[in-house]
Every structure is written in C-alpha cells, then in structure tokens.
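Student: Just the structure for this:
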Amino acid sequence: MQVLHRVRVFVYQLELGVPEYLLLHSAQGADSLWRPVHGNIEFSEQFETAVRREVLQETGLINRSGLVDLEMPLRQILGDEEIIHWNYGFRVEEAPEVLQLDRERWDQYRWSRFEKAFTRFGLEGDRTAVTRLHSLLHAA
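Tutor: Numbers count the residues shown, from 1 in each chain. Next up, the predicted model:
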C-alpha cells in the first residue's frame, strides 16, 4: 500500500478580534464544495514548509507568525493508497482586498465567521478541523 501525505490548511484572519476563515470553491465542475487550502507534501519536505508553499501557491497569502498544528491527522483509504491529511491553522495578519487565486483550481473564495464556515465546508473532516481550530483560538 502506498502512503501519501497531504496538508489541509485552515487560513484565518482576526477581524476585530473575531476569527474569519477562508473558504475556497472548486473551479472543477462537479466538485461544488467549499474547501480549505490543501495539497501534497513533497518528498523530504517539512510539514510547515508544505503549508506555507501551498497557501502561497493557491492564494498568494503569506504568514509571518507561527502556524497552529491541529494535532489531528485524518487517514483515508482509497483503493491501494492510504492518504494522511495533516491539518494546520494559518493566520493572515492583513489580507489584501483581492486574493491571487490559482484559477485552475478555485473559482471563488470568501471569508466567513465560524458559524457560516462550519455549515459551508462540504466535508465532515473539514468541519471537525475548523471546529478544533476555533476552539484553540478561543482558549488562547
């Protein structure tokens, strides 16, 4: 069985002290789900490097502060592949008016407070991860 490692990154900003989460909408036909940034970890790449690279490639956003490791890897078996998704929070200090989206992957984006983000994320694993991040942000 082949094992693949991927990152899922829940980008957020604080608007008057309240977290708003970035949701991306797939530009690829049938997949009409709102998702976080996600992508593969390259061979011998550190998790944090992969997180920063994926967010920069997909949105143009950068992070100058630390990342939040959600400490909740999710495993998925697809045929003869096992995919391990490593979940991270990624704070943006100041988001530009318009994001530089990878238009081949994403056709829309929006910033949403937790209640809306929770209901818009299309996959249970995304809802679980954003709930964990939101809890960690309020505990800090």
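Student: CA only for contacts and neighbour counts going forward, please
Tutor: Will do.
Student: confidence score at the nearest residue to residue 125 once chain neighbours are set aside?
Tutor: Distances taken as Cα to Cα, 6 or more residues apart in numbering place residue 74 nearest to residue 125, at 7.6 Å, with adjacent residues excluded. With respect to pLDDT, residue 74 scores 93.
Student: can you pull the contacts of residue 74?
Tutor: 84-86, 125 (Cα atoms under 8 Å, 6 or more residues apart in numbering).
Student: Please, a PyMOL command that selects the buried ones among these?
Tutor: Of the contacts of residue 74, the buried ones go into a single PyMOL selection, burial set by 16 or more other Cα atoms under 10 Å:
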select buried, resi 84+85+86
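Student: So what touches the helix ranked longest in the chain?
Tutor: For the chain, the helix that runs over the most residues, judged by DSSP state H, is helix 124-139. Residues outside helix 124-139 that contact it (Cα under 8 Å, 6+ apart) are 10, 19, 35-36, 68, 70, 72, 74, 87, 89, 114, 118-119, 121.
Student: Quick check: which ranges of this protein have low pLDDT?
Tutor: Within the chain, the segments meeting pLDDT under 70 span 29-31, 140.
Student: And the helices in it?
Tutor: 47-59, 114-120, 124-139.
Student: Which of the ones you listed has the highest mean neighbour count?
Tutor: helix 47-59 (a mean of 19; mean count of other Cα atoms under 10 Å).
Student: elements contacting that helix?
Tutor: strand 2-15, strand 37-40 (3 or more Cα pairs under 8 Å, 6 or more residues apart in numbering; DSSP states H and E).
Student: Those: which one's closest to residue 49?
Tutor: For the helices and strands packed on helix 47-59, the distance to residue 49 is smallest for strand 2-15, at 10.3 Å, taking Cα to Cα.
Student: Give the buried residues for that closest one.
Tutor: 4-13.
Student: Which one of the residues you listed is nearest to residue 101?
Tutor: For the buried residues of strand 2-15, the nearest to residue 101 is residue 11 (13.5 Å; Cα to Cα).
Student: No more questions from me, cheers.
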